Each structure stands twice: as structure tokens, then as C-alpha cells.
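Asker: Take a look and give me a structure for this.
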Amino acid sequence: MPLFRQLDFVFPTTPALVVLGRDSALEARAREILAPLKAGKLAREVRVEWNARLFSAAGRADSRRNLISLNPRLREHDSAEIDRTLRHELAHLLAQSRVGRRRIPPHGVEWRRACRDLGIEDEARCHSLPFPVQQRARRFLYRCSRCGKEFPRVCRIKRAVACLECCRKFNLGKFDPKARLRLVEKER
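Answerer: Sure thing, here's the model as predicted:
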């Protein structure tokens, strides 16, 4: 019995296992979508994968690696939903490639422009698919030094962070050391 057949016997393939990893058909579709937009470098380098580690997100774009990760639960929906999510994530990559190294907001003006160019101008920031939401314990509690607003967090904050409302209100949107978040409580 050939080795692969033995492995099929020991590890039977399930639909969840079949859809993971790179998807050459979606990569070709992404290249086809990008072709008329004169994004040749991005079109050559874009990769699309199915990633089971995505839990509540429909997709994720990594502009440093030109990688789009899609949630395998998308396969439970129609092909139009997969295409819309692919275009949404392509818009992130396209927007970032157009501005170069400068950081841009994830769903800002540049992203909106890329969505319009990709044919999804009315695209929402978040999906409304019925994916389960993972609840994680908020172990760290931070408080704004200025207004006292509390910010529960799952992970410890490793750099200086300030309350956005106070920064906008008192320092024209720039970092305000007086509004710095301080660790109040840590659950053990």
C-alpha cells in the first residue's frame, strides 16, 4: 500500500482539513482583480490562504508579506461572500502598496479609495456573518490618568499609551502624557 494511501487511512480527510493552506484558484482570482488597476508588483506577489486560526474575523491582510488569510467558515456561505471578503482584504493590500511605507488607518480614506477601485465602494468596515465571538478574560485593567476612564485588556500594554478622547480633547489628537493609561489592577 503506498504511503499516502496509508496516511489517508490513519488520518481521514475531512472538509475542514481540505480547505486549509494556500488556494491557487483564489490567488489567480486576486491577480485577475488587480490586473486592470496597474498593481503589477502586488499582483505577482499576492498569496491567499485558508487559515483555521481565524475565529471571528472573516479575513486578514498582511501587507508586509502580501498575504491574505481567509476564515474556512466562509466556505459555508455563497461564493459572492468569499469574493467580497477577498476584495475587502485586497483593498487593504492595495491601499498600503499605493502609499508605500507610510502607515495608514486600516479603514481610512486610502482603503475606501481602494474599495471603490475594486468594485466594493459601499463596503462595511466589519462583516455581519454569524461567526462565533471568542470571549477572553480581561486580566489587566488600565485607567486614564486624566479622565479616569477604564480600559480592560487581555494583554499587558508594553508601550506608552494614552486615552484617545483626552488626547483629542486636550492636545489636538497628539499623545498627551497627562492622559497616559496606568495599570490599576492585575488578576492573578
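Asker: Tell me the secondary structure at the closest residue in space to Ser63 that isn't next to it in sequence.
Answerer: Leaving aside its sequence neighbours, Ser63 sits nearest to Gln96 (Cβ to Cβ, 6 or more residues apart in numbering; 3.9 Å). Quick note: C-beta positions are derived from backbone N, CA and C, even for glycine. At Gln96 the chain is in helix, as set by DSSP: H, G, I helix; E, B strand; the rest coil.
Asker: How about Glu32?
Answerer: Strictly by three-state DSSP, Glu32 counts as helix.
Asker: And it, how close does it get to Ala25?
Answerer: Applying Cβ to Cβ, to the nearest Å, the value for Glu32 to Ala25 is 11 Å.
Asker: just Ala160 next, same as before
Answerer: Going from Ala160 to Ala25 by Cβ to Cβ gives 45 Å.
Asker: now swap in Leu172 and tell me
Answerer: From Leu172 across to Ala25, the span is 49 Å (Cβ to Cβ).
Asker: Please apply the same query to Pro132.
Answerer: Taking Cβ to Cβ, one finds Pro132 at 27 Å from Ala25.
Asker: again, but for Ser128
Answerer: Distance, Ser128 to Ala25, by Cβ to Cβ: 26 Å.
Asker: what domains does the record give for this structure?
Answerer: Under the assignment automatic domain parsing, the domains of the chain span 3-117, 140-186.
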